[in-house]
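Visitor: compute the structure for the input listed below.
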Amino acid sequence: MKNLLYIGNALSNNSSTATTIDTLSEHLKDTFSIKVASNKSNKILRLLDMIRLVISNRRTTDFVLIDTYSTVNFYYALVISQLCRFYKIKYVTILHGGNLENRLKHSSKLSHLIFDNAYKLVAPSHFLKSVFESYNYKDVLYIPNNIEIDNYDFYSRSIDCIKLLWVRSFSSIYNPELAILVLEKLLEKNYNAQLTMVGPEVDGSLKKVKDLAESKQLQVNFTGKLSKVEWLALSKDSNIFINTTNFDNTPVSVIEAMALGLPIVSTNVGGLPFLITNNVDGLLVEPNNVDAMVDAIIKLDEKNRSELVNNARLKVENFDWSVIKPKWEALLS
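Guide: Numbers count the residues shown, from 1 in each chain. Coordinates of the predicted model:
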């Protein structure tokens, strides 16, 4: 059995939403021996824990998987990738975040240190694959984020009352304020509308959004962080999923909403047009445009909605672990 180390922010047991490192590492345990770092909340301790894991397992490790983002985690990836090079361990960078291109532009030398020496670059979206290829990184393998499709009950929803669902970490790049403005505009147009927002605080955005809703005297259901089971149960009382982001890759929450039969109205940024085909399996609108998102929501009549959600479900069935598993096995075996 091959031995893997998985390096990234395994913080779902703290206050953060579960990410790829949480789900993928669990799936890979069926085929590989795998150790994960790190779940330390303190950033310095987290890096030290990552370094410790690599050094202590340097003689027995076959591959190191490194989650690579554009923010602080970029430097974790830099340190761990160079440590792998020093110990001659093969490493695979798993690319995340719609803003990772900024690193290729503005941290070119550091990017080359990480990516030129990787065994393989894994992109969970065709969007990031195309971005890296445009910077002459040729060895990019597309392996999408996975879900377990049987966990997602698909059913059609009526829209007598518009019940919007927003699921994301509260971070400025995801533009959660737009959801509040969309609700306000729908109510101004005399539509019966509600909004539920699910997710943990990241950078102060949750407080800003709550203050905005209060200043406009809008009733919004803020749930905070929910477990997967909890938000899937909550989704049964919603009928439209909105994604308001300004930067993105291929968010798992959108994939999950597609699997559930929730019609998607999303901003047309980053990897979203690679995931959603406009007017085929979802609706895409320009970012930060309240009127465009409201118009798209209103456009969801019953016939149009039925086609969109059925097409979306068929698409995301290709993201089931049974389909994705052979791709990881072929890479790592």
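Visitor: residue contacts, the closest residue to residue 57 other than its chain neighbours?
Guide: Nearest residue to residue 57, sequence neighbours excluded (Cβ to Cβ, 6 or more residues apart in numbering): residue 5, at 6.0 Å. Yep, even glycine has a C-beta here, placed from its N, CA and C like the rest. Residue 5 sits next to 34, 35, 36, 37, 53, 54, 57, 61, 63, 64, 65 when contact means Cβ atoms under 8 Å, 6 or more residues apart in numbering.
Visitor: do residue 276 as well
Guide: 254, 264, 266, 282, 284, 312.
Visitor: about what we covered before: for the contacts of residue 5, work out which two are farthest apart.
Guide: 37 and 63 (14.5 Å; Cβ to Cβ).
Visitor: mind checking how far residue 170 is from residue 134?
Guide: 31 Å (Cβ to Cβ, to the nearest Å).
Visitor: swap in residue 149?
Guide: Counting by Cβ to Cβ, the gap from residue 149 to residue 134 is 32 Å.
Visitor: neighbour-wise, which of those two wins?
Guide: Comparing residue 149 with residue 134 by neighbour count (other Cβ atoms under 10 Å), the higher total belongs to residue 149, at 18 against 10.
Visitor: about what we covered before: are we agreed that the residue nearest to residue 57 is in a strand?
Guide: Yes - checked against DSSP: H, G, I helix; E, B strand; the rest coil, residue 5 lies within a strand.
Visitor: where do the strands of the stretch 101-250 of the chain begin and end?
Guide: With DSSP state E, counting those that start in this stretch as the definition, the stretch 101-250 of the chain shows strands at residue ranges 120-123, 140-142, 162-167, 193-198, 221-224, 240-243.
Visitor: list the buried residues of the second one.
Guide: Using 16 or more other Cβ atoms under 10 Å as the test for burial, strand 140-142 gives residue 140.
Visitor: packing partners of it?
Guide: strand 120-123, helix 126-134 (3 or more Cβ pairs under 8 Å, 6 or more residues apart in numbering; DSSP states H and E).
Visitor: again, 10 Å this time
Guide: strand 90-95, strand 120-123, helix 126-134, helix 321-332 (3 or more Cβ pairs under 10 Å, 6 or more residues apart in numbering; DSSP states H and E).
Visitor: partners of that strand in the sheet?
Guide: Sheet pairing of strand 140-142 (DSSP bridges) gives strand 120-123 (parallel).
Visitor: for the strand it pairs with, give the mean pLDDT please.
Guide: Averaging pLDDT along strand 120-123 gives 96.
Visitor: tell me how far it is from the chain's mean position?
Guide: From the chain centre to the centre of strand 120-123 is a distance of 16 Å (Cα atoms, centre = their mean, to the nearest Å).
Visitor: hmm, residue 49 and residue 39 touching each other?
Guide: Yes - if you go by Cβ atoms under 10 Å, residue 39 and residue 49 touch, sitting 8.1 Å apart.
Visitor: now do the contacts for the most centrally placed residue in the chain.
Guide: Ranked by distance to the mean C-alpha position of the chain (Cα atoms, centre = their mean), the top residue is residue 251 at 3.0 Å. Each residue near residue 251 by Cβ atoms under 10 Å, 6 or more residues apart in numbering is listed here: 98, 125, 145, 167-168, 174, 243, 245, 257, 266, 270-272, 275.
Visitor: many thanks, we can stop here.
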